[in-house]
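Based on what follows, work out the 3D shape:
(chains A and B)
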There are 2 protein chains.
Amino acid sequence: MDVADLSPAQARERFRTGERVPTAGWCRSWTQANLIAVPSELRYELLLFAHRNPQACPVLDVGEPGVWSTELFSGDLRTDLPGYRLYRDGRAVADLDDVVAEWRADLVPFLIGCSFTFERALLAAGVPVRHLEAGTNVPMYVTSIPCESTGSLAGPLVVSMRPVPEELVATAVEVSGRYPSVHGAPVHTGDPAAIGVENLAAPDYGDPVEVRAGEVPLFWACGVTPQQAVLASGVPYAIGHLPGHMAIMDVRDDHYRVA
Amino acid sequence: MDVADLSPAQARERFRTGERVPTAGWCRSWTQANLIAVPSELRYELLLFAHRNPQACPVLDVGEPGVWSTELFSGDLRTDLPGYRLYRDGRAVADLDDVVAEWRADLVPFLIGCSFTFERALLAAGVPVRHLEAGTNVPMYVTSIPCESTGSLAGPLVVSMRPVPEELVATAVEVSGRYPSVHGAPVHTGDPAAIGVENLAAPDYGDPVEVRAGEVPLFWACGVTPQQAVLASGVPYAIGHLPGHMAIMDVRDDHYRVA
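Reported below is the predicted structural model:
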């Protein structure tokens, strides 16, 4: 069965039983989301950070402290993503297949929009998506653009990149712009150096993709940004997803499409 | 000097020295905002409540605990609004000219968008605004529409009402819809009973206005909604503005206009 045809529940079952794989292209028409879970005493700071950086950190759902499912994610947030990253004192200390043992009772999970959600719409509009063609993870880069900070959270914007043929740039901007809750239109188009990205061939997260002659790199705000803030701000304890290895939600991508 | 021509600083000076008056029509082209200040232990709940009810509770700015000015409000939040309402244990216990003595060190102030901000645009589009013509406060009503709740905050949606000639309803919807951060388009048009409003002549807050033959009542989400949640949820301590007696911000109304 093509992974695009799986239901969210079927995909979660595969991830729960050990498959560690990027989720671009999985579960066509379903929304995907980033996970960041922080101790309860940091939940206000994280929600305020998201509010101040809505394009990078669109909050789709928030859980209660210690609870591992939410209104829009009926699975188990501790096991049903294909990969997790554990943070202590501002360092990534482990990549894990599940975080059952690490899910402290005071953790509050936030589900943040992901640009994989509008890739179906890009394809439908005739915009090719290179990492889908290649079967790899999307390339992500830490930029030189600072986020709006809060008292205890600060960090740079992280972006995902898709190379788009020049003649389709406007289409890609317009189509993704219809999904403002899952990052919307690109934050930058063209020269990577202008946003502090030195080398497209060496992404900070995910896999590199080929940029062909006549193609322009388009950069979208990325929901890994809160994890970068956790790193930059020395947060004592947090759990994120492995970049590109998303939570597949119980809500359709069309739900986030605006007219 | 016409109050429409005052700068925010000039208006705040007048409120600080004792003028208690609704602010509709004051400081043309400047943004107005609702105030709700809650103890620090409730700030997450309030921010989450606002996030879940964005049309009623668009957060324009948030202050640090105990601080009485913010990035977008350079005045003194304890004195520079024309009127305040003090809440204890879910009851309104006093209306005050200032809250210097009541501003506890753990209070976190939230400034929430106000529909007065788009009234200049309504007038410019030829839509009359009855309470401006009458020189009274806008009428506000507690509806039967429940807000999305959080663990400890729940309550009904509050709306403001403006009667609009039938032939201008579409214009009023379109023009206010360009200001989504200050409540945007109406939440309801027409029959008040459909949203639980029994008697237009007896608003829950503000003053009644005449609805003339050929006019339709238009109802907009109102930033008094968080104060209604404070009442409905038995919040131990909070400070709000007197409804219609707003904070006048250091940011232009055009800042919240979208294309």
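
Isn't residue A:214 up against residue A:163?
No: the pair residue A:214 / residue A:163 is not scored as a contact, 9.7 Å apart, by Cβ atoms under 8 Å. Just so you know, the C-beta spots here come from the backbone N, C-alpha and C atoms, and that holds for glycine as well.

Distance check, the residue in chain A that chain B sits nearest to against residue A:256.
With Cβ to the nearest Cβ, the shortest gap between chain A and chain B falls at residue A:44, namely 4.0 Å. Here the criterion is Cβ to Cβ, to the nearest Å. By it, residue A:44 lies 25 Å from residue A:256.

Show me which of those two is the more surrounded one.
Neighbours around residue A:44 and residue A:256, counted as other Cβ atoms under 10 Å in any protein chain shown, are more numerous at residue A:44. The numbers are 25 against 20.

so which helix or strand takes in that one?
Element membership for residue A:44 (DSSP states H and E) is helix A:43-52.

Just the CA trace of that helix, in PDB.
Extracted C-alpha coordinates of helix A:43-52, given in PDB (Å, rounded to 0.1, in the frame of the first residue of the first chain):
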ATOM      1  CA  ARG A  43       4.200  26.600  28.800                       C
ATOM      2  CA  TYR A  44       3.300  30.200  29.000                       C
ATOM      3  CA  GLU A  45       6.700  31.300  27.600                       C
ATOM      4  CA  LEU A  46       6.300  28.800  24.700                       C
ATOM      5  CA  LEU A  47       2.700  29.900  23.900                       C
ATOM      6  CA  LEU A  48       3.800  33.500  24.000                       C
ATOM      7  CA  PHE A  49       6.800  32.700  21.800                       C
ATOM      8  CA  ALA A  50       4.500  31.100  19.300                       C
ATOM      9  CA  HIS A  51       2.100  34.000  19.500                       C
ATOM     10  CA  ARG A  52       4.900  36.400  18.700                       C
END
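
and the next element down the chain from it?
Sequence-wise, the next helix or strand beyond helix A:43-52 is strand A:59-62, with elements assigned using DSSP H and E.

what sits up against that next one?
Contact with strand A:59-62 is made by A:31, A:33, A:47, A:50-51, A:70-73, A:108-113, A:181-182, A:249, A:251, B:48, B:51, as judged by Cβ atoms under 8 Å, 6 or more residues apart in numbering or on different chains.

Mean confidence (pLDDT) on stretch A:101-119, please.
In this model, stretch A:101-119 has an average pLDDT of 97.

Alpha carbons only: can I get it in PDB?
In PDB, the C-alpha atoms belonging to stretch A:101-119 read as follows (Å, rounded to 0.1, in the frame of the first residue of the first chain):
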ATOM      1  CA  ALA A 101      10.000   6.800  29.700                       C
ATOM      2  CA  GLU A 102      10.800  10.400  29.100                       C
ATOM      3  CA  TRP A 103       7.200  11.800  29.100                       C
ATOM      4  CA  ARG A 104       7.200  13.500  32.500                       C
ATOM      5  CA  ALA A 105       3.900  14.200  34.200                       C
ATOM      6  CA  ASP A 106       4.400  18.000  33.900                       C
ATOM      7  CA  LEU A 107       5.000  18.100  30.200                       C
ATOM      8  CA  VAL A 108       2.600  20.200  28.000                       C
ATOM      9  CA  PRO A 109       2.600  19.200  24.300                       C
ATOM     10  CA  PHE A 110       2.200  21.800  21.600                       C
ATOM     11  CA  LEU A 111       1.400  20.700  18.000                       C
ATOM     12  CA  ILE A 112       2.700  23.300  15.500                       C
ATOM     13  CA  GLY A 113       1.800  23.500  11.800                       C
ATOM     14  CA  CYS A 114       4.000  21.900   9.200                       C
ATOM     15  CA  SER A 115       4.500  22.800   5.600                       C
ATOM     16  CA  PHE A 116       4.100  19.200   4.500                       C
ATOM     17  CA  THR A 117       0.400  20.000   4.900                       C
ATOM     18  CA  PHE A 118       0.300  22.100   1.700                       C
ATOM     19  CA  GLU A 119       2.500  19.900  -0.500                       C
END
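
circling back to that earlier point, what's the spacing between the residue of chain A closest to chain B and residue B:103?
In this structure, residue A:44 and residue B:103 are 20 Å apart, going by Cβ to Cβ.

Now the terminal residues of stretch A:75-87, how far apart.
Length of stretch A:75-87, first residue to last, Cα to Cα, to the nearest Å: 23 Å.

Would you mark the buried spots in it?
Of all the residues in stretch A:75-87, those buried under the rule 16 or more other Cβ atoms under 10 Å in any protein chain shown are A:75, A:77, A:78, A:79, A:80, A:81, A:82, A:83, A:84, A:85, A:86, A:87.

Could you look up the SS state of the residue nearest to the first one when sequence neighbours are not counted?
Spatial nearest neighbour of residue A:75, excluding adjacent residues (Cβ to Cβ, 6 or more residues apart in numbering or on different chains): residue A:12 at 4.3 Å. Recorded secondary structure, residue A:12: helix (DSSP: H, G, I helix; E, B strand; the rest coil).

State the number of residues packed around residue A:12.
With other Cβ under 10 Å as criterion, residue A:12 counts 23.

Just the pLDDT for it.
At residue A:12, the pLDDT recorded in the model is 98.

so who does residue A:127 touch?
Contacts here follow Cβ under 8 Å, 6+ apart; on that basis residue A:127 touches A:164, A:168, A:171, A:172, A:175.

Then residue A:103?
Here residue A:103 is in contact with A:37, A:66, A:68, A:77, A:78, A:239 (Cβ under 8 Å, 6+ apart).

hang on, the fourth one packs against residue A:36?
By that I understand residue A:77. No: checked against Cβ under 8 Å, the pair residue A:77 and residue A:36 is beyond contact range at 10.9 Å.

Please identify every residue contacting each of those two.
With Cβ under 8 Å, 6+ apart applied, the overlap between the contact sets of residue A:77 and residue A:36 consists of residue A:109.

Apart from its chain neighbours, what residue comes closest to residue A:232?
Taking Cβ to Cβ, 6+ apart, and ignoring the residues beside it in sequence, residue A:232 has residue A:155 as its nearest neighbour in space, at 3.6 Å.

Could you report the distance from that neighbour to residue A:147?
The value you get for residue A:155 to residue A:147, if Cβ to Cβ is used, is 6 Å.

Check what pLDDT residue A:1 gets.
Residue-level confidence at residue A:1 comes out at 81, pLDDT.

residues in contact with residue A:128?
For residue A:128, the contact set (Cβ under 8 Å, 6+ apart) comprises A:164, A:165, A:168.

I'd like to know which residues of the stretch 51-200 of chain A are adjacent to chain B.
Of all the residues in the stretch 51-200 of chain A, those in contact range of chain B (Cβ under 8 Å from any Cβ of the partner chain) are A:51, A:59, A:62, A:64, A:151.
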